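A.B. asks: A structural model of the following input is requested.
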Amino acid sequence: MISWNLGPLGIHAAQPYIAQAMRKKAAIVMLQEIRIPRGSKFRVQRDFRWKYPEYECYLAAGSDVDLVADTDVDQVPSDGYNDGRAHITVVLFLHKRAFCPRALLVNWHNPRDKKVLEHMAHERALWLDAMMHEGERVSIIKSINQQRDGQTFKNA
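C.D. replies: Below is the predicted model of the structure:
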């Protein structure tokens, strides 16, 4: 299993690091804090599936981040963020040799906790219930490690 915090690093700058992790052929590859342009979640996920066909790919994109406010005045985002907004993502890859296809995406809060906890987990945490080829069920949880309003969200 590989777990790697890549940033926050833009999707284009992260590609060599992603490829390096994928070359190891781990059963589970978990990557966090990859910035993607707003509205590109499904395109990025499709591209990952095309580049790494031996893996199932799951991606959660957090709330918009204001890149201009988060950088020095002299720096301008230069990797495709025309409006200065991006999503910070969590990406989970499951190797097809180890896992059955189509893991189940799970919400980690129950309905009565929804108002209290949903804002904390919404697209910031990825929880999968996956079945291994040997028949064993595995829960895999990965969260975005980012600070928001004075709170730190740690890896699960």
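
A.B. asks: Tell me where this structure has strands.
C.D. replies: Ranges of strands in the chain, per DSSP state E, are 2-10, 28-37, 55-66, 85-95, 104-105, 125-131, 137-143, 147-148, 151-152.

A.B. asks: Now render the ones you listed as TSV, adding mean neighbour count and distance to Ile18.
C.D. replies: Where you see a C-beta, it was placed from the backbone N, CA and C, and this is true even at glycine. As requested, the strands of the chain are exported to TSV (neighbours: other CB atoms under 10 Å; distance: least, CB to CB, whole Å):
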stretch	mean neighbour count	distance to Ile18
strand 2-10	17	8
strand 28-37	23	6
strand 55-66	19	11
strand 85-95	24	8
strand 104-105	11	21
strand 125-131	19	16
strand 137-143	16	15
strand 147-148	12	23
strand 151-152	8	25
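
A.B. asks: Is it possible to get TSV of the ones you listed that adds mean pLDDT and distance to Asp47?
C.D. replies: Formatted as TSV, the strands of the chain follow (pLDDT from 0 to 100; distance: least, CB to CB, whole Å):
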stretch	mean pLDDT	distance to Asp47
strand 2-10	89	14
strand 28-37	92	10
strand 55-66	80	9
strand 85-95	88	11
strand 104-105	82	20
strand 125-131	85	18
strand 137-143	84	19
strand 147-148	42	27
strand 151-152	32	30
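
A.B. asks: Kindly reformat those as TSV and extend each row with distance to Arg46.
C.D. replies: Formatted as TSV, the strands of the chain follow (distance: least, CB to CB, whole Å):
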stretch	distance to Arg46
strand 2-10	18
strand 28-37	12
strand 55-66	9
strand 85-95	13
strand 104-105	17
strand 125-131	17
strand 137-143	20
strand 147-148	28
strand 151-152	32
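
A.B. asks: wait, which of those strands is closest to Tyr17?
C.D. replies: Nearest of those to Tyr17, taken as CB to CB: strand 2-10 at 5.6 Å.
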